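Asks: give me the fold of what follows.
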Amino acid sequence: MTALTPAARPIGRRLWNVMRLHAANPFTLFVTPLLVLASIFAINWMIWWMVRSGSPTDAQSIDDVSTGFQFSGASLWIFFYMMVVAIMAMNLSFSFALGFGSTRRDFLLGTGLTFLALSAGYALVYILLALLEQATGGWGLGGAMFNSFYFGLDLPWWQRLFNVFALFAFFFGLGSTFGAMYVRWRARGLTLFFIVSALVLVGALALITLSESWPAVAAFFVALGFTGTYALGLGIGVVAGVAAYGILRKATPRS
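Replies: Residues are numbered from 1 along each chain as shown. Presented below is the predicted three-dimensional model:
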């Protein structure tokens, strides 16, 4: 009996094997992100306690302090960490996967499914913590780490769930592109990309400023709203994932 070649195996099995490869080290994908999130929460809880201990006790002052907590970007660090996770996954797993017979297409599709699954899972954890935060009155101190302004405080939970999912997917997509660049062109190519990107960004900001177009830019995002803006970010993340595939098509596996 002739064994099936990797390309002849069912695509579902091939993609599942890539996903299993990424999950082979659960510490990177699951344990470390949760430890980072728990550490940030512990630091914030101590800050809330110190602020509460030294603040006036009248109702108006308590409301003002609680409102201020909602603008904290403490929980946003986990999203940047996920971009690092994506870079590491692309760099460490690409050569290994191809060495076991995976194609570049299967590797990118399996990796994309892994990142989407992680985005959905962590978004669900995030929103559950947000609901628990509401139920406990801000962890007993009026704090706000997961119910932050940045995801729409007045939106229903399912819309905030989408917003958080979209932001996770956005950073995973960017990380995929950066990781693919490093695999193909190493640090020199990635550094050149960042330099060119910085110049383009500064040029765009200068053009907007000189043309006095900031009100139009602000009006555009106001019209999109929170969910529309995050949907745009999700689209950018998908485009970044497609770009990663284009970059890796001619990348040379390295030991």
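
Asks: distance from the chain centre to the longest helix anywhere in the chain, please.
Replies: Ranked by residue count and defined by DSSP state H, the top helix of the chain is helix 157-210. Taking CA atoms, centre = their mean, to the nearest Å, one finds the center of helix 157-210 at 11 Å from the center of the full chain.

Asks: can you name every helix or strand that it contacts?
Replies: For helix 157-210, the packing partners by 3 or more CB pairs under 8 Å, 6 or more residues apart in numbering; DSSP states H and E come out as helix 77-99, helix 104-135, helix 214-248. For glycine as for every other residue, the C-beta is placed from the backbone atoms N, C-alpha and C.

Asks: quick one: mean pLDDT for the last one?
Replies: Looking back up the chat, that one is helix 214-248. Helix 214-248 carries an average pLDDT of 93.

Asks: can you list the buried residues in it?
Replies: 226-227, 229-230, 233-234, 237, 240-241, 243-245, 247-248 (16 or more other CB atoms under 10 Å).

Asks: also stretch 126-145?
Replies: For stretch 126-145, using 16+ other CB under 10 Å, the buried residues are Y126, I127, L129, A130, E133, G138, W139, L141, G142, G143, A144, M145.

Asks: what's the closest of these to V183?
Replies: Y126 (29.7 Å; CB to CB).

Asks: tell me the pLDDT at the most centrally placed residue in the chain?
Replies: The centre of the chain sits closest to F168, judged by CA atoms, centre = their mean, with a distance of 2.8 Å. In this model, F168 is scored at 97, pLDDT.

Asks: that one and M82 touch, don't they?
Replies: Yes. Using CB atoms under 8 Å, F168 is in contact with M82, at 6.0 Å.

Asks: overlap in contacts of these two?
Replies: Common neighbours of F168 and M82, using CB atoms under 8 Å, 6 or more residues apart in numbering, are L118, Y122.

Asks: can you tell me the closest non-neighbouring residue to A89?
Replies: Nearest residue to A89, sequence neighbours excluded (CB to CB, 6 or more residues apart in numbering): H22, at 5.5 Å.

Asks: and the gap between the residue nearest to V217 when sequence neighbours are not counted and P215?
Replies: Setting aside the residues directly before and after it, V217 is nearest to I208 in space (CB to CB, 6+ apart), at 6.2 Å. Using CB to CB, to the nearest Å, I208 is found at 10 Å from P215.

Asks: then F69?
Replies: Taking CB to CB, one finds F69 at 30 Å from P215.

Asks: try S75
Replies: From S75 across to P215, the span is 30 Å (CB to CB).

Asks: identify the residue spatially nearest to F80, adjacent ones excluded.
Replies: Leaving out its chain neighbours, the residue that sits closest to F80 by CB to CB, 6+ apart is F171, at 6.7 Å.

Asks: ah, wrong one, I meant F69
Replies: Of all residues beyond its chain neighbours, the one nearest F69 is A144 (4.2 Å), with distances taken as CB to CB, 6+ apart.

Asks: which helix or strand contains the one you found?
Replies: A144 is located outside every helix and strand, with elements delineated by DSSP states H and E.

Asks: just want the phi and psi numbers for it.
Replies: phi -150, psi 110 (degrees, to the nearest 10).

Asks: the one 3 residues further on now?
Replies: With angles defined as degrees, to the nearest 10, N147 sits at phi -100, psi 70.

Asks: do I have it right that the residue nearest to V217 meets F220?
Replies: No. Counting by CB under 8 Å, I208 does not reach F220; the two are 11.3 Å apart.
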